[in-house]
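A.B. asks: Predicted model and sequence below, questions to follow.
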Amino acid sequence: MCGIVAYIGYREACPIIIKGLKRLEYRGYDSAGVALLNGSLNVYKKKGKVTELEDFIKDKNVHSTIGIGHTRWATHGEPNDVNAHPHYSSSKGLAIIHNGIIENYASLKTDLQMRGHKFLSETDSEVFIHFIEDIQKHNQCSLEEAVRLALTKVVGAYAIVIISKENPGQLIAARKGSPLVIGIGKGEYYVASDATPIIEYTDEVVYLNDHEIAVISRSNLAIKNIEDVPMTPYIQKLDMELDSIEKSGYDHFMLKEIMEQPKSITDCMRGRVISQKAHLNLGGIQQYANKLVNAERIIIVACGTSWHAGLVAEYLFEDLARIPVEVEYASEFRYRNPVIKEGDVVIAISQSGETADTLAAIELAKSKGAIIFGVCNVVGSSIARASHEGAYLHAGPEIGVASTKAFTAQVTVLAIMATIVGHRKGNITESKYRELLVDLENIPGKVEKALQLNDKIKEIGNIFKDARNFLYLGRGYNFPVALEGALKLKEISYIHAEGYPAAEMKHGPIALIDEQMPVVFIATKDNSYEKIISNIQEVRARKGRVIAVVTEGEELITKMAEFVIEVPSTNEVLMPLISVIPLQLLSYHIAVMRGCNVDQPRNLAKSVTVE
Ligand code: M6R
């Protein structure tokens, strides 16, 4: 949600910032802007994508070796030039870029207005920078101290970078609840919302922690906490290839990420699953492993696609480990009065590791004594750090807003977790355990085979691209896959789609079925196979158009459905890893054919760091 890039050093700042903002456009793309210092402090900003900002500044004097830039996903105020970041302070001596929300901005604004401040935008961020300048003026203190004092008074989440005319050799950055990473070069520093704008310049980074303030000059990085106590920067090596954040010949990141799933699932299992040695291990779950094994129940919190992975985990843990599971939307959980007991186990699933609702749900559960296991993709992310233990996905950066390879990696990690727990509890026989390990190892090859259906799926997509509604139906392990298929379609093609447990259809959605309605059945051979055949008949009887994802060699459904997509068979508990692939491809092709911006769907942002 909003991307931040800043640079201080000896190179031209503007091209570095613009390139970085393009890498962060997955975080927001309503408007973009830069502030550069070259004698004066100049802010240039434009509604729309970063390329529009680029056009706007091409004949301006943007020479500078220090600057800040922002790509926005609107929270306060509509997307337009004025609400775009950076925002000036009252004197225009300071400018800020901000990711997050200042919850008490309205009272701060009223107070500042009563003291003569005039605001141009409707944003909380402009209030923030006026507030900082106001504090500096009244306390006659350094900018650093004014920032610190302001941060003790604001309520909400922020990642900020401030540039100042009076301090031309300095950037000030701070975070609470929104990510910020500082890249360390020689005589130069980079600041960004994630490492993707930094990776081509340096692999040494410092992840700023909540309540920390960084004062960055060309030759020094000093970090203090909000109590003014100096902190020692913890320098980490980035484990990221430049290629992993580029399209590498694909038209869209989403397609690249769909296609690289055999690799991302392999990477996710590397060193964790070795069937020959009957070895299954998650290195990040050690100290608290017994809590998981002995849990009386597990609560899973997540949002969106990660929530769907959580639903698959519910089936996995109940089947393999015989532990009851509750899967909660983090956004609801945090505002209920959930019953959490000391020692309860919570699994938080998040690709970005920054989703505000999931983070808040974790904090709530932690405050009641729960043990938190994080399942995240982004290393060093807030959720990973807020968890007691956990496992990374190792799926590589996911840039397309629609989550694809993160889902399959999440399900892989959760399947490993449930198998370990089931095995340790003695619920899984030795032979079933060994069989599952082999099945896991065979998944990447089967995903590869499912991906070879791409051309066929594209043809089906072409037939249904103008549909106004879609229904996705599945049972058992394929029910969460139905939900995921529907979410993928609606978020990138803007076609209304609903996912349902197939048997629930007759309790309502069946009324929607007519000869126009495409109904995607995920009907692979499993425990509910016979039952789902009846559901297909029910749709056919009402002239619905059936597209069925079935297991290779399927005969019965092939005779009933208008289109069948045959995927390789696997152990039922791992089927979502395969059956989701055609649905990802179907939504991708439909969205492309409808002319939608697949990687940056309207209104959406990759990482939702606000409530
Ligand atoms: O980063 P997270 O996994 O916590 O994100 C959760 C959701 O915002 C995310 O899965 C969202 O639903 C995706 N756009 C789905 O494709």
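C.D. replies: Sure thing, it's come through.
A.B. asks: show me the contacts for the spatially closest residue to residue 537 that is not a sequence neighbour.
C.D. replies: Taking CB to CB, 6 or more residues apart in numbering as the measure, residue 537 lies nearest to residue 560, with 7.0 Å between them; neighbours along the chain are not counted. To be clear about C-beta, it is placed using only N, CA and C from the backbone, and glycine gets the same treatment. Remark: with contacts taken as CB atoms under 8 Å, 6 or more residues apart in numbering, residue 560 is in contact with 533, 536-537, 540, 546, 548.
A.B. asks: Please, a PyMOL command that selects the buried ones among these?
C.D. replies: Selecting only the buried members of the contacts of residue 560 in PyMOL, with burial defined as 16 or more other CB atoms under 10 Å, works like this:
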select buried, resi 533+536+540+546+548
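A.B. asks: would TSV of the contacts of residue 560 with secondary structure be doable?
C.D. replies: Supplementary listing: those in TSV, determined by DSSP: H, G, I helix; E, B strand; the rest coil:
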residue	secondary structure
533	helix
536	helix
537	helix
540	helix
546	strand
548	strand
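A.B. asks: Between the contacts of residue 560, which sits nearest the ligand?
C.D. replies: For the contacts of residue 560, the residue nearest the ligand by CB to the nearest ligand atom is residue 548; the value is 23.4 Å.
A.B. asks: give me the beta-bridge partners of the closest one?
C.D. replies: Note on residue 548: beta-bridge partners residue 521, residue 564, judged by DSSP bridges.
A.B. asks: Could you give the number of residues near residue 444?
C.D. replies: When counting by other CB atoms under 10 Å, one arrives at 21 neighbours for residue 444.
A.B. asks: Revised request: answer the last question for residue 261.
C.D. replies: The number of residues packed around residue 261, counting by other CB under 10 Å, is 28.
A.B. asks: from memory it sits against residue 451, does it?
C.D. replies: Yes. With contact defined as CB atoms under 8 Å, residue 261 counts as touching residue 451 (7.3 Å).
A.B. asks: any residues in contact with both of the two?
C.D. replies: When contacts are counted by CB under 8 Å, 6+ apart, the set common to residue 261 and residue 451 consists of residue 581.
A.B. asks: Find me the pLDDT at residue 343, would you?
C.D. replies: As summarised for this prediction, residue 343 has a pLDDT of 84.
A.B. asks: which residues touch the residue of the chain found nearest the ligand?
C.D. replies: Closest approach of the chain to the ligand (CB to the nearest ligand atom) occurs at residue 304, with a separation of 1.9 Å. Applying CB under 8 Å, 6+ apart, we find residue 304 in contact with 403, 487.
A.B. asks: 10 Å - rerun?
C.D. replies: Applying CB atoms under 10 Å, 6 or more residues apart in numbering, one finds that residue 304 lies in contact with 329-330, 349-351, 355, 357-358, 402-403, 407, 484, 487, 491, 604, 608.
A.B. asks: Out of those residues, flag the one nearest to residue 524.
C.D. replies: Taking CB to CB as the measure, residue 484 is the one of the contacts of residue 304 closest to residue 524, at 14.6 Å.
A.B. asks: what number of residues lie near that closest one?
C.D. replies: Counted by other CB under 10 Å, the residues lying close to residue 484 total 32.
A.B. asks: Backbone torsions only: list them for residue 392.
C.D. replies: Dihedral angles of residue 392 (phi, psi; degrees, to the nearest 10) stand at phi -80, psi 160.
A.B. asks: which stretches of the stretch 101-250 of the chain form strands?
C.D. replies: Secondary structure of the stretch 101-250 of the chain (DSSP state E, counting those that start in this stretch): strands at 156-164, 171-176, 181-184, 189-192, 204-207, 212-216, 221-225, 230-231, 235-237.
A.B. asks: can you put the ones you listed in TSV and add mean neighbour count, distance to the ligand and mean pLDDT?
C.D. replies: Written out in TSV, the entries for the strands of the stretch 101-250 of the chain read as follows (neighbours: other CB atoms under 10 Å; distance: least, CB to the nearest ligand atom, whole Å; pLDDT from 0 to 100):
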stretch	mean neighbour count	distance to the ligand	mean pLDDT
strand 156-164	26	15	94
strand 171-176	25	17	96
strand 181-184	22	16	97
strand 189-192	27	17	98
strand 204-207	20	17	95
strand 212-216	22	23	98
strand 221-225	16	26	97
strand 230-231	12	27	96
strand 235-237	12	21	93
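A.B. asks: and of those strands, who's closest to residue 376?
C.D. replies: Comparing the strands of the stretch 101-250 of the chain against residue 376 with CB to CB, the closest turns out to be strand 204-207 (13.2 Å).
A.B. asks: CA atoms of that closest one as PDB?
C.D. replies: The C-alpha atoms that make up strand 204-207 are tabulated as PDB, following Å, rounded to 0.1, in the frame of the first residue of the first chain:
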ATOM      1  CA  GLU A 204      23.600  -5.000   2.300                       C
ATOM      2  CA  VAL A 205      20.500  -3.700   4.000                       C
ATOM      3  CA  VAL A 206      19.100  -2.800   7.300                       C
ATOM      4  CA  TYR A 207      15.400  -3.400   8.000                       C
END
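A.B. asks: distance between that strand and the chain's centre?
C.D. replies: Counting by CA atoms, centre = their mean, to the nearest Å, strand 204-207 is centred 20 Å from the centre of its parent chain.
A.B. asks: related to what we said a few turns ago, compare the strands of the stretch 101-250 of the chain and give me the one nearest residue 28.
C.D. replies: Within the strands of the stretch 101-250 of the chain, the stretch nearest residue 28 is strand 156-164; the backing value is 12.6 Å (CB to CB).
A.B. asks: Check the offset of the closest one from the chain's centre.
C.D. replies: Centroid displacement of strand 156-164 relative to its chain, using CA atoms, centre = their mean, is 21 Å.
A.B. asks: again, but for stretch 142-161
C.D. replies: Taking CA atoms, centre = their mean, one finds stretch 142-161 lying 26 Å from the centre of the chain it belongs to.
A.B. asks: Give the buried residues for it.
C.D. replies: Within stretch 142-161, the residues that count as buried by 16+ other CB under 10 Å are 143-144, 146-151, 154, 156-161.
A.B. asks: swap in stretch 263-283?
C.D. replies: Counting neighbours by 16+ other CB under 10 Å, one finds that the buried residues in stretch 263-283 are 264-269, 272-273, 275, 280, 282.
A.B. asks: who touches stretch 104-115?
C.D. replies: Residues from elsewhere that reach stretch 104-115 (CB under 10 Å, 6+ apart): 76, 90, 102, 117-119, 122-128, 130-131, 133-134, 138, 150, 153-156.
A.B. asks: For residue 167, grab the count of nearby residues.
C.D. replies: Residue 167: 19 surrounding residues under other CB under 10 Å.
A.B. asks: how about it, what does it touch?
C.D. replies: With contact taken as CB under 10 Å, 6+ apart, residue 167 is in contact with 37, 66, 93-94, 142-144, 215, 217.
A.B. asks: Let's have those residues in JSON lines, adding distance to residue 205.
C.D. replies: Converted to JSON lines, those look like this (distance: CB to CB, whole Å):
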{"residue": "37", "distance to residue 205": "24"}
{"residue": "66", "distance to residue 205": "19"}
{"residue": "93", "distance to residue 205": "30"}
{"residue": "94", "distance to residue 205": "26"}
{"residue": "142", "distance to residue 205": "26"}
{"residue": "143", "distance to residue 205": "24"}
{"residue": "144", "distance to residue 205": "22"}
{"residue": "215", "distance to residue 205": "17"}
{"residue": "217", "distance to residue 205": "18"}
